[in-house]
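**Q** Give the three-dimensional model of this entry:
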Amino acid sequence: MRDWDKEKTAADPGTEIEALEKLARDWDWHVRRSVAQNSNVPLEILRDLAGDEVQWVREAVATHPRSDEEILRRLSDDGEGFVRAAVCLNTNTPSEVLEDLAWDEMMDFDYTLSKNRYITQEAVAKNPNTPQEVLLFLSSHQDEHVRASVAQNPNVPHDVLFKFRIDLSWVVRNQVAESSVTSVEILDWLANDRIQDVRASVALNPHSSIGSLRGLAMDRDADIRLKVAQNPSADEETLEVLSQDWSWKVREQVARNPSTPEEILRRLIGDKDMSVKDAALRRRKG
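**A** Here you go, the predicted model:
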């Protein structure tokens with residue numbers, strides 16, 4: 001039976017080092033994992049737990065921001081894929097380790113999607129320290145989730161995002177539409193995507209052009225118009241159009257938008273829907 005109080009103590013940043021050393025040797029791996037997740041755990045304890053017999057403890061060590069290069073190199077050769085994937089996500093992991101793990105084709109079955117996922121390669125693709133040549137290599141991966149992870153990387157080359165704008169997978173295109181580093185040119189292209197989710201991501205992206213937002217404000221789908229209404233980059237003309245939308249949810253988001261001018265707010269205070277009216281009143285009161 002799990003001792004929740006002991007786990008809480010093990011995870012508490014205020015727990016003394018002597019107590020953590022004892023808890024790191026506890027018979028219950030849940031307690032040892034909590035020690036490995038403690039934000040103030042000493043490096044020496046992490047080194048010891050990196051050799052724990054239970055993979056979930058080693059995985060916690062691999063994700064810890066205090067784990068150093070020595071620990072991460074050791075765990076990059078771990079026999080369990082989840083541990084290696086955790087190493088790939090740690091920003092302390094050396095670039096040469098990430099290069100090596102980019103070839104790691106370990107897969108795990110994702111029951112929500114009913115398919116196998118290349119969890120290690122996905123993790124490498126997400127790490128902001130992954131070299132661009134590795135991102136280029138993974139951008140041609142057969143699996144859409146690996147490519148989507150590349151698109152999610154803040155250092156992804158522009159040429160890769162440009163290629164991804166016409167990727168066959170909407171999952172990849174959607175990640176491009178969500179990215180903070182995607183150019184206006186690419187966002188303008190994706191604003192016309194046939195998939196609703198992709199257009200919605202463009203509608204919510206603060207870097208989308210005024211032209212794209214104005215076009216999406218006329219989209220037939222109310223959820224997309226709602227996303228435009230939430231976008232702080234929407235201009236006054238767009239917000240004016242959306243403030244008269246038939247959907248009260250869209251008008252409510254216009255009232256909540258920090259960019260909505262006073263004149264529109266005054267009109268929304270008199271809206272027939274109470275949710276819209278309340279949102280406008282709260283905005284005016286600050």
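
**Q** I'd guessed residue 243 sits against residue 266; true?
**A** No. Using Cβ atoms under 8 Å, residue 243 makes no contact with residue 266, being 10.7 Å away. Bear in mind the C-beta positions are built from the backbone N, C-alpha and C, glycine included.

**Q** Which one of those two is surrounded by more residues?
**A** Neighbour count, other Cβ atoms under 10 Å: between residue 243 and residue 266, residue 243 has more, with 24 against 11.

**Q** ok, the more buried one to residue 210 distance?
**A** 17 Å (Cβ to Cβ, to the nearest Å).

**Q** now do residue 165
**A** Distance, residue 165 to residue 210, by Cβ to Cβ: 20 Å.

**Q** the more surrounded of those two?
**A** Comparing residue 165 with residue 210 by other Cβ under 10 Å, the one with more neighbours is residue 165, at 21 against 13.

**Q** Go ahead and confirm that one touches residue 188.
**A** No. Assessed by Cβ under 8 Å, residue 165 is found out of contact with residue 188, at 9.9 Å.

**Q** How about residues contacting stretch 146-165?
**A** Contacts to stretch 146-165, defined as Cβ atoms under 8 Å, 6 or more residues apart in numbering, come from residues 118, 121-123, 125-128, 130, 132, 135-136, 138-139, 141, 167, 169, 171-176, 178-183, 186, 189-190.

**Q** Oops, could you answer that again for stretch 174-187 instead?
**A** By Cβ under 8 Å, 6+ apart, the surrounding residues in contact with stretch 174-187 are 148-149, 151-152, 154, 156, 158, 161-162, 164-165, 167, 190, 193, 195, 197-199, 201-202, 204-205, 207-209, 212.

**Q** Buried among these? Need that as a selection in ChimeraX.
**A** Selection of the buried residues among the contacts of stretch 174-187 in ChimeraX, burial being defined by 16 or more other Cβ atoms under 10 Å:
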select :148,149,151,152,156,161,164,165,167,190,193,198,199,201,202,204,205,207,208,209,212
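
**Q** Restricted to strands, list the contacts of stretch 174-187.
**A** Here DSSP state E is the test, and the contacts of stretch 174-187 give no hits in strands at all.

**Q** What about the contacts of stretch 174-187, which are in helices?
**A** The members of the contacts of stretch 174-187 that map onto helices under DSSP state H are 148-149, 151-152, 158, 161-162, 164, 190, 197-199, 201-202, 204, 212.

**Q** Out of those, the closest to residue 114 would be?
**A** Residue 114 has its nearest neighbour among these in residue 148, at 17.3 Å by Cβ to Cβ.

**Q** State the pLDDT value of the closest residue to the closest one other than its chain neighbours.
**A** Excluding the flanking residues, the one nearest residue 148 by Cβ to Cβ, 6 or more residues apart in numbering is residue 175, at 4.3 Å. Note on residue 175: pLDDT of 98.
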